[in-house]
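Enquirer: Using only what follows, build the 3D model:
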Amino acid sequence: MEIAGLPAHILLIHGVVVLAPLAGLSAVVFALVRRTRRYLAWPLGILALLLVPLSVLTAEAGEQLEKAKRASKLIEEHAHQGSFLRYVTVLFLIVVAVQIAAAFPSILTRRPAFRGLRGLLESRWLVPATSVLGVLAGLFLVYQSIVTGHSGAASVWAASQ
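Expert: Below you'll find the predicted structure:
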């Protein structure tokens, strides 16, 4: 896969490198600073949703690039980290969805299919529990994106020397 003559992976990775830490830190702020929830809910939800297909496309483009080039041990490590990051973004999306639903239970309970969840969504422990999950998932997403990016950079710099 190429975009304007460049391997797609090289271009797509910039989106993941920027958006994953931004989304992770937004989830932490959403969890810890109550007054920001109203403003961050939509941007955080959209970021989490966009990261899943972006990370999948980036990893797929990276796998195609890996097949086209000689695979060194560093590239194989980066490919493993990139594959794992796909799963991390899916898990992050789930945590963000639960976090937003817990912070704004009326969004779901307005719909007849979710009215049975009213007791659960309005329980006192749900927001603190999802906040802890949001902080952990956000920090782990930031960590994993840094580890993945670092392994990719190390493989490129090692190959160029």
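Enquirer: Could I get the contacting residues of L40?
Expert: Neighbour list for L40: S26, V29, F30 [criterion: CB atoms under 8 Å, 6 or more residues apart in numbering]. For glycine as for every other residue, the C-beta is placed from the backbone atoms N, C-alpha and C.
Enquirer: same thing but 6 Å
Expert: When contacts are counted by CB atoms under 6 Å, 6 or more residues apart in numbering, L40 is found next to S26, F30.
Enquirer: how about it, phi and psi?
Expert: Here is the backbone geometry of L40 (degrees, to the nearest 10): phi -90, psi -20.
Enquirer: in this structure, which spans are helices?
Expert: Along the chain, counting by DSSP state H, helices occupy 8-32, 37-68, 73-103, 105-109, 118-121, 126-160.
Enquirer: Dump those to TSV, plus distance to E2 and mean pLDDT.
Expert: Written out in TSV, the entries for those read as follows (distance: least, CB to CB, whole Å; pLDDT from 0 to 100):
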stretch	distance to E2	mean pLDDT
helix 8-32	6	93
helix 37-68	9	92
helix 73-103	18	93
helix 105-109	42	72
helix 118-121	47	67
helix 126-160	17	90
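Enquirer: Out of these, the one nearest M1 is which?
Expert: Shortest separation from M1 across the helices of the chain is recorded for helix 8-32, at 3.9 Å, computed as CB to CB.
Enquirer: Thank you kindly, that will do.
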